[in-house]
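have a look at this prediction, sequence included:
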Amino acid sequence: MTVPVARRNLLSEKGRFAISVGGVAFAVLLILIVVALYRGWSQTGEVFEKLPGEIWVTQIGTSDPFHSTSLLTSGDVGLAASVEGVEAAVPVLSRQMLIPIGDGEESVRFMALALPGGLQLSPDVVAAYAPAPGDIVIEETLSRKTGLKEGDRLVVRDVDLRVGEVRPRGGDVLSQFAFVHYSDAERIFGVGDIVNYAMLIVSPGSSVDEVAAAVSAGNDGVRVYTSTAFAEAVRKEIDEAFLPVISILVIIGFMVGVAVVGLTTYTATIERAREFGVMKAVGASGGFLYRIVLTQSVILTASGFVVGLAAAILLARLAEQMVPEFVTDFRALDLAGVLVAAGLMSVIASLAPIRRINGIDPAMVFRA
């Protein structure tokens with residue numbers, strides 16, 4: 001019986017109910033969008049974890065690929081390759097460059113791997129990160145920004161390249177990666193015997209941490225990262241600058257939701273004070289009345305959550321079409337967390353109305 005009574009109380013003013021649901025939906029929308037946006041941006045650097053190497057060797061003093069330059073000699077790569085437990089040391093060329101697009105230019109991070117023959121790598125890894133000479137592999141985000149599609153051609157520093165494949169969107173929103181053959185990168189960069197990084201593939205059964213420590217000890221002119229640590233170094237700026245802002249927005253969204261649910265539930269309770277008095281007069285227990293109020297809050301919050309979730313997904317898709325860098329990732333665990341937060345909104349928002357019901361005097365029913 002509690003559900004029909006609660007539903008009737010809320011729907012007695014359909015316009016106000018719709019506005020209240022909209023307020024809760026906006027709060028849920030705000031929370032979901034900023035959390036999904038953070039999840040999307042926090043994937044920055046994931047390419048270094050997807051590549052086949054477990055260890056990255058950089059020049060000493062290099063913080064990450066986006067904010068510093070690393071230059072290594074062939075001798076540095078050779079020393080790393082000689083360490084026990086290293087199956088292969090892969091020279092890597094990487095550089096942020098401008099590519100001509102129509103009448104303008106677009107900034108892209110080129111990367112090339114000198115993968116030696118004989119490595120047991122999956123065909124998908126080879127196709128994605130080691131294209132054939134003359135080909136370039138780009139991501140969907142770059143394709144949307146520039147209009148480049150498979151089969152299109154572009155010239156970078158007199159090197160003619162064909163878009164061989166457009167990969168699914170990556171999480172590196174700070175800079176889109178484009179992979180080319182190592183020989184093409186040598187011609188484009190023109191750096192001679194210098195490389196930017198060495199990617200080490202560890203032998204099966206060897207400890208990544210022990211191999212990394214041995215490489216570092218053998219050459220004091222380099223800095224050594226595991227692939228996970230390298231990706232975390234790239235994400236550090238986002239975690240330190242973006243996460244606090246998102247936390248504040250989530251708190252604001254939660255407070256807005258509690259206020260909207262609480263105000264609507266409280267108003268619906270006050271307007272039905274006489275009816276609650278009648279219920280108490282005929283013997284309704286306090287627990288029964290409390291359940292009515294809580295049910296009102298749950299209905300309102302659940303409706304707002306469903307509308308807010310649908311609006312968040314739709315808004316994210318529209319934003320991605322207009323701004324390719326608007327990368328979002330809606331995860332089931334985050335949705336469950338927001339749903340729990342919405343349930344907490346219901347409980348908190350019910351406290352004031354419940355106190356009001358507790359103070360209702362059944363005798364008011366008999367007053368003129």
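All right, it came through fine. Numbering: from 1, shown residues only.

how does the protein divide up, domain by domain?
Domain assignment for the chain by automatic domain parsing gives 2-43+241-360, 47-236.

mind listing the helices for the stretch 201-350 of the chain?
Under the criterion DSSP state H, counting those that start in this stretch, the stretch 201-350 of the chain carries helices at the ranges 208-218, 227-241, 243-271, 273-281, 286-322, 332-358.

the second one - contacts with which helices or strands?
Taking 3 or more Cβ pairs under 8 Å, 6 or more residues apart in numbering; DSSP states H and E as contact, the helices and strands that helix 227-241 lies on are helix 47-50, strand 55-59. Where C-beta positions appear, they are placed from N, C-alpha and C, glycine not excepted.

off-centre distance for whichever strand or helix holds A185?
Take DSSP states H and E as the rule and A185 turns out to sit in helix 182-189. How far helix 182-189 lies from its chain's middle: 33 Å, per Cα atoms, centre = their mean, to the nearest Å.

what residues of it count as buried?
182, 184-186, 188-189 (16 or more other Cβ atoms under 10 Å).

which helices and strands does that helix pack with?
In this structure, helix 182-189 packs against strand 86-101, strand 104-113, strand 159-167, with contacts taken as 3+ Cβ pairs under 8 Å, 6+ apart.

okay, the buried residues of helix 182-189 in JSON lines with pLDDT next?
Output for those, formatted as JSON lines (pLDDT from 0 to 100):
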{"residue": "Y182", "pLDDT": "93"}
{"residue": "D184", "pLDDT": "93"}
{"residue": "A185", "pLDDT": "92"}
{"residue": "E186", "pLDDT": "91"}
{"residue": "I188", "pLDDT": "90"}
{"residue": "F189", "pLDDT": "87"}
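
and the residues you listed, which is closest to S216?
Of all the buried residues of helix 182-189, S216 sits closest to Y182, with 25.4 Å by Cβ to Cβ.

any idea how far that closest one lies from S227?
Distance, Y182 to S227, using Cβ to Cβ, to the nearest Å: 20 Å.

now do G134
29 Å.

also T328?
25 Å.

likewise for S122?
In terms of Cβ to Cβ, S122 sits 16 Å off from S227.

which of these two has more neighbours?
Legend: neighbour count by other Cβ atoms under 10 Å for S122 and S227, higher for S227 (22 against 9).

does the more buried one touch E46 like I think?
No. Using Cβ atoms under 8 Å, S227 makes no contact with E46, being 9.9 Å away.

what number of residues lie near the nearest residue to V224 once chain neighbours are set aside?
Once flanking residues are discounted, V224 sits nearest to S216: 4.3 Å by Cβ to Cβ, 6 or more residues apart in numbering. Number of residues near S216 (other Cβ under 10 Å) recorded here: 18.

thought V298 was touching S346?
Yes. Under the criterion of Cβ under 8 Å, V298 makes contact with S346 at 5.0 Å.

before we move on, the earlier item: least reliable of the domains of the chain going by mean pLDDT?
Looking over the domains of the chain, mean pLDDT reaches its minimum on domain 2-43+241-360, with a mean of 78.

and the gap between R7 and F17?
10 Å.

should've said D329
For D329, the distance to F17 (Cβ to Cβ) stands at 33 Å.

now T44
Taking Cβ to Cβ, one finds T44 at 42 Å from F17.

next one: R355
Per Cβ to Cβ, R355 is found 23 Å from F17.

before we move on, what about A229?
Taking Cβ to Cβ as the measure, A229 and F17 are separated by 52 Å.

more neighbours: the two, which one.
Ranked by neighbour count (other Cβ under 10 Å), A229 and F17 place F17 first, with 19 against 13.

is that one in a helix, a strand, or coil?
Counting by DSSP: H, G, I helix; E, B strand; the rest coil, the backbone at F17 sits in helix.

does it touch V260 like I think?
No. The criterion here is Cβ under 8 Å, and F17 misses it with V260 at 11.4 Å.

got TSV for the helices and strands packed on helix 182-189, with mean neighbour count and distance to V28 too?
Converted to TSV, those look like this (neighbours: other Cβ atoms under 10 Å; distance: least, Cβ to Cβ, whole Å):
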stretch	mean neighbour count	distance to V28
strand 86-101	18	38
strand 104-113	19	36
strand 159-167	17	33
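
could those be laid out in CSV, adding distance to V323?
Shown next, in CSV, are the helices and strands packed on helix 182-189 (distance: least, Cβ to Cβ, whole Å):
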stretch, distance to V323
strand 86-101, 17
strand 104-113, 15
strand 159-167, 18
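
right, and the ones you listed - which one's nearest R317?
strand 159-167 (18.8 Å).

and the next helix or strand after the closest one, what does it pack onto?
The C-terminal neighbour of strand 159-167 among helices and strands, as given by DSSP H and E, is strand 177-180. Counting contacts by 3+ Cβ pairs under 8 Å, 6+ apart, strand 177-180 is packed against strand 104-113, strand 135-139.

parallel or antiparallel, list what pairs with strand 177-180.
strand 104-113 (parallel), strand 135-139 (antiparallel) (DSSP bridges).

for the last one, output the C-alpha coordinates as CSV.
What follows is strand 135-139, C-alpha atoms only, in CSV (Å, rounded to 0.1, in the frame of the first residue of the first chain):
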residue,chain,number,x,y,z
ASP,A,135,51.8,3.3,-44.5
ILE,A,136,50.6,5.2,-41.4
VAL,A,137,48.2,4.0,-38.8
ILE,A,138,46.1,6.6,-37.1
GLU,A,139,43.3,6.6,-34.4
